[in-house]
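S.K.: Structure for this input, please:
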Amino acid sequence: MAESVQEFFDGLAAGVDESKTAGMTNSYLFDIEGAGQWVVAVDDGAVTVTEGDGEADTTIVTSEESFLAISRGELNPTTAYMTGKLKIKGDMGAAMKLQKLF
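M.R.: I've put the predicted structure just below:
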């Protein structure tokens, strides 16, 4: 379990089950207020993480506190979205596939 947003993204690519992400080809920009930005690209199961801003199919904006709660399973992502703690811009279909990464 990640102690920080940086630690989460540092370990994301190595921790993904490629059998769950096979066939996925999407990119995500995570804009975590107070922590930074990361681009996560999924290309037929292979996941790469790049720190910084970039082009992506879907942009996810949330606070550091909310992101860590979601990553730990303490906050449901749908609930976070419905209550405004998580904002999604771009391809909503791609956003729904994110659960395969976590």
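S.K.: buried ones in stretch 29-45?
M.R.: 29-32, 35, 37-42, 45 (16 or more other CB atoms under 10 Å). To be clear about C-beta, it is placed using only N, CA and C from the backbone, and glycine gets the same treatment.
S.K.: Name the residues that touch it?
M.R.: Contact partners of stretch 29-45, identified using CB atoms under 8 Å, 6 or more residues apart in numbering, comprise 4-6, 9, 12, 18-19, 21-28, 47-56, 58-64, 67, 101.
S.K.: Tell me the one of the buried residues of stretch 29-45 nearest K97?
M.R.: Distance to K97 across the buried residues of stretch 29-45 (CB to CB) is lowest for V42, with 8.1 Å.
S.K.: For the nearest residue to the closest one once chain neighbours are set aside, the count of nearby residues, please.
M.R.: Closest residue in space to V42, ignoring its immediate chain neighbours: M24 at 4.5 Å, by CB to CB, 6 or more residues apart in numbering. Counted with other CB atoms under 10 Å, the neighbours of M24 add up to 18.
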